[in-house]
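J.: Give me a model of this one.
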Amino acid sequence: MRRTYIFLAALLLLALIPAAVLFAGGSVADTAPRVPTEAEINSDELARSIDPNLIDANTRFAFELLQELISEDRGKNVFFSPLSILLALAMTYNGAAGDTKLAMAEALEFSQFDLEQLNRGFNDLMVGIVNADQQVEVSIANSIWYRLGYDVKEDFIDRNARYYSAEVRELDFSDPQAADTMNNWIDQATKGKIEKMFDSIPPETKMYLINAIYFKGDWTHQFSESATQDGEFILETGSKKMVPMMHLEENFRHAQAENLGILRLPYGRERLAMYILLPDEGEDLDEITSQLNEVSWNRLRRDLEDKEVTLTMPKYRIEYGVKILNDVLTKMGMGAAFAGGFSGINPKLFISRVMHKAVIDVNEKGSEAAAATVVDMAESIPPEPVEFIVDRPFLFAISDDRTGSILFLGKVAEP
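T.: A predicted model of the protein is given here:
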């Protein structure tokens with residue numbers, strides 16, 4: 001039994017869960033066989049109808065962002081919800097124009113879809129996933145908050161309300177309680193897992209686009225708490241750490257690739273799952289990660305086969321963020337959005353910050369996870385006027401600006 005257990009599971013769990021407005025899935029229940037509900041049947045049909053190109057584009061973005069975050073936080077835990085980030089920015093994208101729209105489309109992998117296709121695709125994806133399994137609890141929330149009295153184009157609001165079911169609220173950002181109002185909204189949407197995203201509201205901020213995810217799923221095959229024992233976990237440095245290790249013998253879907261193994265751990269009725277990608281001993285995890293994309297991911301999943309598995313894995317908790325994503329999104333080609341180009345919302349706006357926070361707990365019973373993404377839309381503050389008071393001796397010149405020739409040049413020592 002290998003003793004090195006390194007996990008990308010958190011990313012792959014939330015690659016299954018988008019973030020938009022409050023949709024409610026079923027609560028966790030017993031795992032006895034039962035007839036699928038009408039919502040689950042409809043969810044299956046909807047899932048089959050979703051454009052696979054959209055799924056591939058989202059997966060490609062997810063791994064590109066993972067690679068950037070691993071590079072930025074080398075040697076540290078990384079955990080985020082790629083679709084939470086995608087959907088927060090997709091809502092913002094509905095107001096983008098010109099070079100900013102092109103840059104966002106390129107960075108977010110939206111280029112092959114027109115706006116209607118994109119919005120409908122994400123809407124179907126959200127509805128399909130939250131109704132996938134009544135034994136797994138999923139709630140997804142999305143909202144738009146804008147400064148009291150600020151002029152926002154109605155078409156932008158209407159599209160986000162229609163396709164993303166966005167809750168739209170006008171709020172007095174100058175009120176000292178305004179930040180807490182939005183923090184409380186996120187806290188409720190994530191069932192207390194994410195309590196605070198920001199302390200105050202900058203004076204230049206005119207709008208926030210927020211989405212939040214909550215997920216709670218029991219393993220289809222649960223670990224026995226009595227079997228959990230402390231065991232060694234080998235860190236990337238080669239040093240060892242004693243951590244609680246869970247143990248289970250069960251039939252799982254597994255595949256072995258050239259330099260890593262992949263294991264599927266299903267939740268509930270097996271429509272949602274965590275995937276663990278474990279590099280072979282001696283292989284470099286970051287190097288393997290740099291080669292992952294939608295093609296290799298799909299191939300790994302296709303190669304899975306049912307096998308008897310003796311599984312040993314750690315209980316773990318990760319809290320990541322609040323992470324500012326401006327730099328990594330700029331590296332991915334979205335830099336124009338941080339300068340402006342949102343005439344579809346208000347021509348003065350630009351993205352000031354994209355903030356993300358995510359947490360996950362994995363134990364013998366299952367997994368509980370939450371994520372929140374905030375897009376901070378700001379308006380440039382006009383610079384203070386330059387004071388130029390000519391109250392002391394000065395030079396002056398009269399010039400032909402076509403040629404640069406100075407016709408007259410002088411000094412005034414005393415007017």
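J.: hey, where'd the helices end up in the stretch 51-200 of the chain?
T.: 52-72, 82-93, 98-107, 115-130, 154-164, 178-189 (DSSP state H, counting those that start in this stretch).
J.: Show me what the fifth one packs onto, helices and strands only.
T.: What that stands for is helix 154-164. Other helices and strands packing on helix 154-164, by 3 or more C-beta pairs under 8 Å, 6 or more residues apart in numbering; DSSP states H and E, are helix 82-93, helix 115-130, strand 136-147, strand 167-171. Yep, even glycine has a C-beta here, placed from its N, CA and C like the rest.
J.: between these, which one is nearest to residue 64?
T.: Between residue 64 and those, the shortest gap by C-beta to C-beta is with helix 82-93, which sits at 9.3 Å.
J.: what angle do the closest one and helix 52-72 make?
T.: 110 degrees (axes from the mean of the first three to the mean of the last three C-alpha atoms, to 10 degrees).
J.: So which elements touch the host helix or strand of residue 329?
T.: Counting by DSSP states H and E, the element that carries residue 329 is helix 326-329. Counting contacts by 3+ C-beta pairs under 8 Å, 6+ apart, helix 326-329 is packed against helix 52-72, strand 349-362.
J.: Please compute how far the last one lies from its chain's middle.
T.: The one in question is strand 349-362. 7 Å (C-alpha atoms, centre = their mean, to the nearest Å).
J.: Note down every partner strand of it and its orientation.
T.: Strand 349-362 has its sheet partners listed here by DSSP bridges as strand 316-324 (antiparallel), strand 366-379 (antiparallel).
J.: and among those strands, the most buried is which?
T.: strand 366-379 (a mean of 24; mean count of other C-beta atoms under 10 Å).
J.: I'd like the average pLDDT over that strand.
T.: If you average the pLDDT over strand 366-379, you get 94.
J.: Next: stretch 38-55.
T.: The predicted model gives stretch 38-55 an average pLDDT of 85.
J.: could you dump it to CSV, C-alpha only?
T.: This file holds the C-alpha atoms of stretch 38-55, laid out as CSV (Å, rounded to 0.1, in the frame of the first residue of the first chain):
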residue,chain,number,x,y,z
GLU,A,38,-39.3,13.1,-11.1
ALA,A,39,-36.8,15.9,-10.5
GLU,A,40,-33.9,13.5,-10.7
ILE,A,41,-35.3,11.9,-14.0
ASN,A,42,-35.7,15.4,-15.5
SER,A,43,-32.2,16.3,-14.3
ASP,A,44,-30.8,13.2,-16.1
GLU,A,45,-32.5,14.3,-19.3
LEU,A,46,-31.3,17.8,-19.0
ALA,A,47,-27.7,16.7,-18.3
ARG,A,48,-27.7,14.7,-21.5
SER,A,49,-28.9,17.7,-23.5
ILE,A,50,-26.1,20.1,-22.3
ASP,A,51,-23.6,21.0,-25.0
PRO,A,52,-20.5,18.9,-24.3
ASN,A,53,-18.4,21.7,-25.8
LEU,A,54,-19.5,23.9,-22.8
ILE,A,55,-18.4,21.1,-20.4
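J.: List the contacts of that stretch.
T.: 36, 112-113, 117-118, 121-122, 124-125, 127-129, 131-134, 269, 271 (C-beta atoms under 8 Å, 6 or more residues apart in numbering).
J.: Many thanks, have a good one.
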